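1. Compute the structure for the input listed below.
(one chain, ligands or ions: 3)
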Amino acid sequence: MVDVDKVLDDAGLSNEAVRDYVKHWAEHLQPDRIEVVSAADDSRLIEEALAAGEIQPAGEGLYYSRSYSKDTARSEERTIVATSREEDKGVYNNWRHSDEIRPIVEGHMKGAFAGKTMYVIPYLMAPPGSPSEKYAAGVEITDNRTVCLHMIRMARVGIDLINNLAEPDHFVRAVHVTGDLPNLGQGTPEDKRYFVTVADERTILHFGSSYGGNALLGKIAHGLRQAAYDGWRSREFLSEQFMLLGIKDKETGKQWHVCGGFPSASGKTNLAMTLAPDALGDRYHVSFYGDDIAWLWVDPDSGELMGLNPENGVFGVAKDTNEKTNPTALDSIAPGSQALFTNVAYNDQTHEVWWEGKTPERPADTAGWIDWKGERIADRSPDEAGDPWAHPNSRFTTSLANVPNVAADYNDPKGVRIDAIIFGGRTRDREPLVRAITDLAEGVYDGLTLGAEATFAAEGVEGKLRYDPMSMRPFMSYAEGPYAQHWLDIVGAAKHQPIFAHVNWFQRDAGDGHFLWPGYRENLRALLWLCQFKDGEVTGRQTAVGVIPTEDELGMEGLDLPQADLDRILDIDIERWREEMGHRQEHLEQFPNLPEEIWVAHRRVAEALDQA
Ligand code: GTP
Ligand code: SPV
Ligand code: MN
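-> Numbering: from 1, shown residues only. Ligands and ions are numbered 1, 2, ... in the order given. Below is the predicted model:
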């Protein structure tokens, strides 16, 4: 048995509540060794992980790792929010009573660290000093060194952050056990995995994965699910799967901050990292605040709606990231950045990495290349030749400080004023490029009825059309009715109301299926129009579902689009929309206690469509 007190004394971990938590779990997990991790340990941990073969070199200061081949995405079915309050049960949160589920997960975890090291990772989700710091502290326990490396990049990690908490006991207890990955029955009726957030105990218990959202517990388990629950119970803030960016007009000096939610793998990272299109780049500068989570609250002094990114890094989709689509991302994972690549293709002779869309063609010479399953490309049979080399959900992990357009004030605990909130997703028809919504309830209604194609970021749902309220479906921690009310309460309390908008970069041609809009950097044009509309500089065209830009207003300089495509994305298909309203009605009827304002907005839109 490890002498826990001695380990914690030597590490300088003095918070008594944290010490008790570590001791409790050391007893339960029975590790051979315990180590407390700070960001300063990164280079040593990298060396150890290289020596142990857990990661491989991928160029100067770059590393590659592969997770088990049945463990490459979040598992929504195995993700559970547990509390002791029946009223927390929602449609999407997979609610279970904590008395029922806790013993089951704890049973799986018992003795699971035998022969292993227990890493203790004290972290903060938020810059120190932020108004939400109280909800930001956590301590992850894990048996996985690669998880430590990811956490150091994705969160602020260090013993000092946890020793001096204003309320020493107020930290999230986040326990991660990798489990015996080849023997967990992933996706079968005997599936042994459990990803549980016991929200009213601020405890996270994840068993059976080493992949991203399942294993880096500061990120979505704490940063989204737990924080959303905390924000609601305290009535203090919202936590959303949102990107957050700033736009500056260098000519007028005007600045806007835009945040918004698109479902997983639907373009948040790409948008937040975007550069202005070349034709507009002299005039506009885009700055990056965050790409996956935003916390929103009303500042008690100024009365303004504020937002910040609680994370410290980017866990971005690799697929289709290249010089043209996202040069910023490539810069942020350049040699020396200490970036990690997960489940991409890897060359164990040249130490290069590759993913679909990195270059137009696959590397011509297959020597040394290994696919995401760990199999040699050169050994592939002819019928496997077309299979992807990288997993579609392969990812890169890098710190915010590496992002070349990171905002100068990204670390400012005060956050930034939010001017616009957008929703979007992969919608192949119906949704125009952008439609602006000026009314709060209608904006919240639009978020609640966000319908899009599911992606490879979760197991087994790719391409399925589904509603994904505010892009929070996989991260909901309480019931949808109170969630909508909390939105109305928080945003409604702000002195200046943000504008809302729905955007869609993914409309397709009904014939050959090509994307009607070039997307990526060009998306800024839609956001610029929105900001100008908010400021009264353009008027747009009122439709039943919001205001959409005219062709003149959109600003097409330097962009040559077929007129037919442009006409389609700047119009709405009334018939298709009328049909949609019936589906929305059914969708919303699932949620008891939905605020009346949301129903009023729904009926208003339906009537406007009837009269259109
Ligand atoms: P999560 O990290 O899973 O929450 O995803 P995300 O919303 O940040 O998505 P991301 O920006 O990583 O994009 C996911 C995929 O969509 C990548 O393969 C991108 O290349 C692609 N994508 C992003 N923006 C656009 C766009 O404007 N048009 C098209 N066609 N594809 C895009
Ligand atoms: C997502 O799936 O939305 C992600 C990646 O951002 S994960 O951390 O796996 O949740
Ligand atoms: Mn995400």
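2. how does this structure divide up, domain by domain?
-> Under automatic domain parsing, the residue ranges defining each domain of the chain are 4-54+74-235, 240-313+409-611, 315-400.
3. And whatever residue of the stretch 501-612 of the chain ends up closest to ligand 1, how far from Ile437?
-> Closest contact between the stretch 501-612 of the chain and ligand 1, by C-beta to the nearest ligand atom, is at Gly519 (2.6 Å). Bear in mind the C-beta positions are built from the backbone N, C-alpha and C, glycine included. Separation of Gly519 from Ile437 (C-beta to C-beta, to the nearest Å) stands at 22 Å.
4. Compare the two (neighbour count), which wins?
-> For Gly519 versus Ile437, neighbours defined as other C-beta atoms under 10 Å are more numerous around Ile437 (24 against 15).
5. ok, now which ones touch that one?
-> With contact taken as C-beta atoms under 8 Å, 6 or more residues apart in numbering, Ile437 is in contact with Gly443, Asp446, Ile499, Phe500, Ala501, His502, Gly546, Val547.
6. In this structure the first one contacts His502, no?
-> In other words, Gly443. No - counting by C-beta atoms under 8 Å, no contact exists between Gly443 and His502, whose distance comes to 9.1 Å.
7. what pairs with Tyr119 across the strands?
-> Tyr119 has the following beta-bridge partners by DSSP bridges: Glu35, Thr142.
8. What score does it have for pLDDT?
-> What the model reports as pLDDT for Tyr119 is 98.
9. This protein against ligand 1: which residues are in contact?
-> Among all residues of the chain, those adjacent to ligand 1 (criterion: C-beta under 6 Å from any ligand atom) are 262, 264-270, 291-292, 316-317, 319-320, 325, 457, 505, 515, 519-520, 523.
10. Restricted to strands, list those.
-> Using DSSP state E, Gly316, Val317 are the members of the residues of the chain next to ligand 1 that sit in strands.
11. which of the residues of the chain next to ligand 1 count as buried?
-> Buried members of the residues of the chain next to ligand 1, counted by 16 or more other C-beta atoms under 10 Å: 262, 264-270, 291-292, 316-317, 319, 325, 457, 505, 520, 523.
12. which ones among those are found in helices?
-> Mapping those onto helices (DSSP state H) picks out Lys268, Thr269, Asn270.
13. export these to CSV and tack on pLDDT?
-> As requested, these are arranged in CSV below (pLDDT from 0 to 100):
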residue, pLDDT
Lys268, 98
Thr269, 97
Asn270, 97
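14. and stretch 193-207, how far from the chain's centre?
-> Mean C-alpha position of stretch 193-207 versus that of the full chain (C-alpha atoms, centre = their mean, to the nearest Å) differs by 18 Å.
15. ok, and for it, which residues are buried?
-> Within stretch 193-207, the residues that count as buried by 16+ other C-beta under 10 Å are 193-200, 202-207.
16. Please narrow the residues you listed to those residing in strands.
-> Tyr194, Phe195, Val196, Thr197, Val198, Thr203, Ile204, Leu205, His206, Phe207.
17. my read: the first one touches Ser209, true?
-> By that I understand Tyr194. No - with contact defined as C-beta under 8 Å, Tyr194 and Ser209 do not form a contacting pair (9.8 Å).
18. just the strands in the stretch 451-600 of the chain please.
-> 451-453, 465-467, 499-503, 541-543, 546-548 (DSSP state E, counting those that start in this stretch).
19. hang on, Val147 in a helix?
-> Yes - counting by DSSP: H, G, I helix; E, B strand; the rest coil, Val147 is located in a helix.
20. mind showing which ranges of this protein have poor pLDDT?
-> Using pLDDT under 70 as the threshold, the predicted model of the chain has no low-confidence range.
21. Around ligand 3, which positions in it sit nearby?
-> When proximity is defined as C-beta under 5 Å from the ion, the chain approaches ligand 3 at Ser264, Asp292.
22. Spell out which residues of the stretch 1-150 of the chain are next to ligand 2.
-> Along the stretch 1-150 of the chain, the residues adjacent to ligand 2 under the rule C-beta under 6 Å from any ligand atom are Arg74.
23. all strands of the stretch 1-150 of the chain, in order?
-> Under the criterion DSSP E, counting those that start in this stretch, the stretch 1-150 of the chain contains strands at 33-36, 56-57, 62-65, 79-83, 95-97, 117-124, 137-142.
24. Same list, the ones you listed, but as TSV with distance to Tyr467 please.
-> TSV is the format used below for the strands of the stretch 1-150 of the chain (distance: least, C-beta to C-beta, whole Å):
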stretch	distance to Tyr467
strand 33-36	43
strand 56-57	41
strand 62-65	34
strand 79-83	18
strand 95-97	18
strand 117-124	33
strand 137-142	30
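25. As CSV, the ones you listed with distance to Gly558 and mean neighbour count would be great.
-> Formatted as CSV, the strands of the stretch 1-150 of the chain follow (distance: least, C-beta to C-beta, whole Å; neighbours: other C-beta atoms under 10 Å):
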stretch, distance to Gly558, mean neighbour count
strand 33-36, 53, 18
strand 56-57, 41, 16
strand 62-65, 34, 22
strand 79-83, 44, 24
strand 95-97, 50, 18
strand 117-124, 42, 25
strand 137-142, 46, 26
